[in-house]
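Chemist: what's the 3D shape of this:
(one chain, ligands or ions: 2)
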Amino acid sequence: MIEIKTRTELEAMRAAGLVVARTLALLADAVRPGVSTAQLDELAEQSIRDAGAVPSFKGYHGFPASICASVNEQVVHGIPNHGQVLVDGDLISIDCGAILDGWHGDAAVTVAVGSVDPIDLALSEATRRSMLAGIDAIRPGGRLTDISHAVETATREAERDHGRRYGIVKDYGGHGIGRAMHMEPFLPNYGKPGRGTRLRVGMALAIEPMLTLGSPRTQELSDGWTVVTTDGSRAAHWEHTVAITDDGPWVLTAPPD
Ligand code: MG
Ligand code: MG
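Modeler: Ligands and ions are numbered 1, 2, ... in the order given. So this is what the prediction gives:
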């Protein structure tokens with residue numbers, strides 16, 4: 001069963017999405033050498049609670065924090081901690097979720113710490129571009145894997161433009177979202193178009209490609225959360241929560257403008 005939202009419900013989801021967007025903007029601004037991922041987490045929790053929302057990650061299957069902070073070879077689900085102090089040249093992905101009035105928002109950004117290798121910046125740019133291509137591919141009446149295909153195609157285009165191969169992480173992907181953070185359907189970041197659930201107005205999806213500079217293979221660390229690349233190559237992760245409307249995709253976690 002895929003949850004279909006009314007326009008009013010999507011407006012409520014937009015309010016949750018704005019809490020996430022504002023929090024991520026605050027965090028991106030706070031990222032600098034010398035800041036620990038625990039400090040970023042404290043800022044995030046304060047920002048979310050000040051908005052009258054609840055950090056959805058905190059306590060999710062026992063996750064101990066309000067954001068996932070994944071540095072360098074960490075792909076997703078990094079646990080913020082005081083020992084992880086950012087240094088010049090790091091690449092951090094910050095994933096954030098909030099619940100407002102029962103509705104979820106979920107988004108992630110990748111941020112450069114100080115001056116970063118141009119190759120890492122290109123990796124992040126390729127990932128963001130793949131996410132945007134996925135969002136652009138959403139059509140009411142289309143199929144779920146039209147999005148997957150668009151994400152993969154954009155990654156391959158970025159490879160050609162950058163003269164480099166990227167690993168498309170296959171162990172994780174996007175998902176339905178609404179009254180829960182992770183709902184059906186699962187959305188792979190690669191594959192043939194024209195398959196899977198038919199896209200309908202009122203659906204909401206989190207679109208979140210993860211790319212690496214090397215192998216796409218990942219493993220979970222013994223902390224039970226942190227996902228790293230098996231070859232130690234750096235990774236990037238971008239995510240937006242997007243609704244399908246009659247007017248096209250509505251990026252619910254976009255910053256206000
Ligand atoms: Mg997320
Ligand atoms: Mg997500």
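Chemist: so for the helix or strand containing Glu159, mean pLDDT?
Modeler: Using DSSP states H and E, the element containing Glu159 is helix 144-162. Throughout helix 144-162, pLDDT has a mean value of 98.
Chemist: quick check: mean pLDDT of the next helix or strand along the chain from that helix?
Modeler: Later in the chain than helix 144-162, the nearest helix or strand by DSSP H and E is strand 167-168. Strand 167-168 shows a mean pLDDT of 98 in the predicted model.
Chemist: same check, this time on stretch 107-122
Modeler: What stretch 107-122 shows for mean pLDDT is 98.
Chemist: packing partners of the helix holding Glu159?
Modeler: Applying 3 or more C-beta pairs under 8 Å, 6 or more residues apart in numbering; DSSP states H and E, we find helix 144-162 packed against helix 118-136, strand 183-187, strand 204-207. Every C-beta, even on glycine, is put in place using the N, C-alpha and C of the backbone.
Chemist: now render these as a markdown table, adding mean neighbour count and distance to ligand 1.
Modeler: Shown next, in a markdown table, are those (neighbours: other C-beta atoms under 10 Å; distance: least, C-beta to the ion, whole Å):
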| stretch | mean neighbour count | distance to ligand 1 |
| --- | --- | --- |
| helix 118-136 | 21 | 12 |
| strand 183-187 | 17 | 12 |
| strand 204-207 | 27 | 6 |
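Chemist: with distance to Gly196 added, can I get these in TSV?
Modeler: Shown next, in TSV, are the helices and strands packed on helix 144-162 (distance: least, C-beta to C-beta, whole Å):
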stretch	distance to Gly196
helix 118-136	13
strand 183-187	6
strand 204-207	11
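Chemist: out of these, which comes closest to Arg32?
Modeler: Arg32 lies closest to helix 118-136 among those, at 16.1 Å (C-beta to C-beta).
Chemist: ok, the residue of the stretch 151-257 of the chain found nearest ligand 1 - how many residues close by?
Modeler: Residue nearest to ligand 1 within the stretch 151-257 of the chain (C-beta to the ion): Glu239, separated by 4.8 Å. Using other C-beta atoms under 10 Å, Glu239 has 28 neighbouring residues.
Chemist: for beta bridges, what are the partners of it?
Modeler: Ala108 (DSSP bridges).
Chemist: any figure for the gap between Glu159 and Pro216?
Modeler: Here Glu159 is placed at a distance of 13 Å from Pro216 (C-beta to C-beta, to the nearest Å).
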